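K.L.:
Provide a 3D model corresponding to the input given below.
(one chain, ligands or ions: 1)
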Amino acid sequence: MKTNINKLLISSTLNIKDALQVINENGLSACFIVDKDSSKMIGIVTDGDIRRAILRNVDLFSSIMEISNRKFHYASIGDTSEKINSILSDNIKILPLLDSTGIPVDYATISHLRYLPIYEPSLHGNELSYLNECIKTGWISSQGRFVKEFENKFKEFINVPYALSTSNGTTALHLALVVLGIGPGDEVIVPDFTFVASINSIIYTGATPVLIDVNKDTFNIDTSLIEDKITHRTKAIMPVHLYGNPCDMDEILLIAKKYNLKVIEDAAEAFGSEFKGIKTGAFGDIGCFSFFGNKTITTGEGGMMVFKNEELFIKAKILRDHGMLPEKKYWHAYVGYNYRMTNMQAAIGVAQLERAKEIIEKKIQIGKGYRRELCKNILGIRLVKENTNSVNTYWLFSLVIESELGWNKGKIQQKLQDNGIETRNLFYPLHVMPPYNKYIKKDDKFHVTEYLSENGFSLPSSTFINDDNIKEIARIFSETYQMNTILK
Ligand SMILES: Cc1ncc(COP(=O)(O)O)c(C=O)c1O
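P.N.:
Next up, the predicted model:
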């Protein structure tokens, strides 16, 4: 659960009674006063301050600034738990945690230390104002200016001729397979190590998924294993750019060309990633993206398909809209779907795209920061290999603990959790889960997927993570590692 800092904040323009109200509701005996324009913290007021003011007959409707403590104790959001704990005392029961600009983003008490979630969306651009526009104008369904605008800006960003928004990433993948004519009797190649939506979308069509192990250096489909799995029924390959790391699209396209296979890129986790200067999603016949709340850019729920071929785009658009022909309203030429995105989702998407470069840049910096700090003094952490040909946008910064080097994954995750740092296990291999183990074929081996899944996890990766957070996380790794090796 992410901290709700808003329950502690009060604008400097309000009065003492308002502060009493805030304190009464938050139950934390204090509130943080923020400047109305800059949102920076400028004072703190406790219930004791208000009690003393009442005894001095101060008017409850006077400005909160009259009784605020402007010289207050605080810590930085990246400070270590030790430092934060050392400030908290019987006198200082609540400590604001500020970001580098002085804005309060969290708080600490003896029973609540700051919390770094695995992901949280960054929604402080025009998201709210564009959403407001949808509500005010009544354009809340799938018509309205933002849907077209989002699609147009998205295709420009990826540098492809056509883009079509969908209700989510899973519907984008399903529609992509349908439009490419994939159905019962066909086989589609997919990595064993991915989120279930990749394989589910294949199963929805009636086609059979063919599972392939992944590469230990990239966590992506092992291209050297693909050709052995191709049969006369194979119709397509679905490479997944896992955790933001691009697949080697040269190798995949080469195989696809040799065997006349379609390529549906699952770029749900790789918005903005690049292979040889080209954005992921732009290589295949169709590229699919997800804008779920934890994705690099989000629309709450939402998806996008990108195409090079106009015919495929038109067909997908008709099928997305109940199979209705655009030139003949309410005439349905196909059994289609309702896979449309709403104007409200697209409004958020347009605002997110306005900050896409900034968000991507920040995520790349976070990835590089983790790499730098984790590789300094610590042995036995496996990261995906850096590839000079590609740009990894590190959707979730993921690593694998080499258990043979004295690490214990559970121990380090627990230590991080104790310090308010959330981690998330890597995906389970698909083949071990009940709905999918029927797709295992004789002699199939998934050693790498099993190894990564068992030993890996992701670290907090949202754009709010700063250098101090990364250093603290690396310090916890380093201490736990040394303790482990000493104890052995
Ligand atoms: C690899 C992958 N494919 C597909 C999806 C499906 O996207 P959505 O959740 O938007 O349906 C996701 C994300 O959730 C994903 O991580």
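K.L.:
tell me the strands in the stretch 51-200 of the chain, going along the chain?
P.N.:
Listed in chain order, the strands of the stretch 51-200 of the chain (DSSP state E, counting those that start in this stretch) span residues 75-76, 95-98, 104-108, 162-166, 187-191.
K.L.:
Which strands border the last one, and is each parallel or antiparallel?
P.N.:
Based on DSSP bridges, the strands next to strand 187-191 in the sheet, each with its direction, are strand 208-212 (parallel), strand 234-237 (parallel).
K.L.:
hmm, the first one touching the ligand?
P.N.:
Spelled out, that is strand 208-212. No: using C-beta under 6 Å from any ligand atom, strand 208-212 stays clear of the ligand, with a minimum separation of 13.3 Å. Any C-beta I mention is one placed from the backbone N, CA and C, and that applies to glycine too.
K.L.:
With stretch 273-287 instead?
P.N.:
No: contact of stretch 273-287 with the ligand (C-beta under 6 Å from any ligand atom) is absent, the minimum separation being 11.5 Å.
K.L.:
Pull out the buried positions in that stretch.
P.N.:
273-275, 279-287 (16 or more other C-beta atoms under 10 Å).
K.L.:
got the contact list for the residue nearest to residue 137 when sequence neighbours are not counted?
P.N.:
Of all residues not flanking residue 137 in the chain, residue 144 sits nearest, at 7.3 Å (C-beta to C-beta, 6 or more residues apart in numbering). By C-beta atoms under 8 Å, 6 or more residues apart in numbering, the contact set of residue 144 is 134, 137, 343, 346.
K.L.:
So which of the residues you listed wins on neighbours?
P.N.:
With neighbours taken as other C-beta atoms under 10 Å, the top of those is residue 346, carrying 30 neighbours.
K.L.:
can I have stretch 331-348 written out in PDB, keeping just the CAs?
P.N.:
C-alpha atoms of stretch 331-348 as PDB (Å, rounded to 0.1, in the frame of the first residue of the first chain):
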ATOM      1  CA  TRP A 331     -24.300  -2.900 -40.600                       C
ATOM      2  CA  HIS A 332     -22.100  -5.600 -39.100                       C
ATOM      3  CA  ALA A 333     -20.000  -7.400 -41.700                       C
ATOM      4  CA  TYR A 334     -18.200  -9.600 -39.200                       C
ATOM      5  CA  VAL A 335     -18.600 -11.000 -35.700                       C
ATOM      6  CA  GLY A 336     -16.500  -8.300 -34.100                       C
ATOM      7  CA  TYR A 337     -15.500  -7.100 -30.600                       C
ATOM      8  CA  ASN A 338     -15.900  -4.100 -28.400                       C
ATOM      9  CA  TYR A 339     -12.300  -3.500 -27.800                       C
ATOM     10  CA  ARG A 340     -12.400   0.300 -27.900                       C
ATOM     11  CA  MET A 341     -10.500   2.700 -25.600                       C
ATOM     12  CA  THR A 342     -12.600   5.500 -24.000                       C
ATOM     13  CA  ASN A 343     -12.000   9.200 -24.500                       C
ATOM     14  CA  MET A 344     -11.200   9.400 -20.800                       C
ATOM     15  CA  GLN A 345      -8.400   6.800 -21.100                       C
ATOM     16  CA  ALA A 346      -7.100   8.500 -24.200                       C
ATOM     17  CA  ALA A 347      -7.100  11.900 -22.400                       C
ATOM     18  CA  ILE A 348      -4.800  10.500 -19.800                       C
END
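K.L.:
What mean pLDDT does that stretch get?
P.N.:
In this model, stretch 331-348 has an average pLDDT of 98.
K.L.:
Give me every residue in the stretch 51-200 of the chain lying close to the ligand.
P.N.:
For the stretch 51-200 of the chain, the contact set with the ligand under C-beta under 6 Å from any ligand atom comprises 168-170, 194-195, 197-198.
K.L.:
In helices, which of the residues you listed appear?
P.N.:
169-170, 197-198 (DSSP state H).
K.L.:
which residues of the stretch 101-250 of the chain fall in helices?
P.N.:
All helices of the stretch 101-250 of the chain, identified by DSSP state H, counting those that start in this stretch, fall at 127-137, 145-158, 169-179, 196-204, 249-259.
K.L.:
Buried deepest among those helices, which one?
P.N.:
Each of the helices of the stretch 101-250 of the chain was scored by mean neighbour count; the highest is helix 169-179, a mean of 27, by mean count of other C-beta atoms under 10 Å.
K.L.:
do you know how far the closest residue to the ligand within the stretch 1-150 of the chain is from residue 370?
P.N.:
Taking C-beta to the nearest ligand atom, the ligand has its nearest neighbour within the stretch 1-150 of the chain at residue 119, 11.5 Å off. Distance of residue 119 to residue 370, computed by C-beta to C-beta, to the nearest Å: 14 Å.
K.L.:
Equivalent analysis for residue 304, please.
P.N.:
Look at residue 304 and residue 370: by C-beta to C-beta, they are 28 Å apart.
K.L.:
How about residue 326?
P.N.:
Taking C-beta to C-beta as the measure, residue 326 falls 47 Å from residue 370.
K.L.:
Including mean pLDDT, could the helices of the stretch 101-250 of the chain go into JSON lines?
P.N.:
JSON lines is the format used below for the helices of the stretch 101-250 of the chain (pLDDT from 0 to 100):
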{"stretch": "helix 127-137", "mean pLDDT": "97"}
{"stretch": "helix 145-158", "mean pLDDT": "98"}
{"stretch": "helix 169-179", "mean pLDDT": "98"}
{"stretch": "helix 196-204", "mean pLDDT": "98"}
{"stretch": "helix 249-259", "mean pLDDT": "98"}
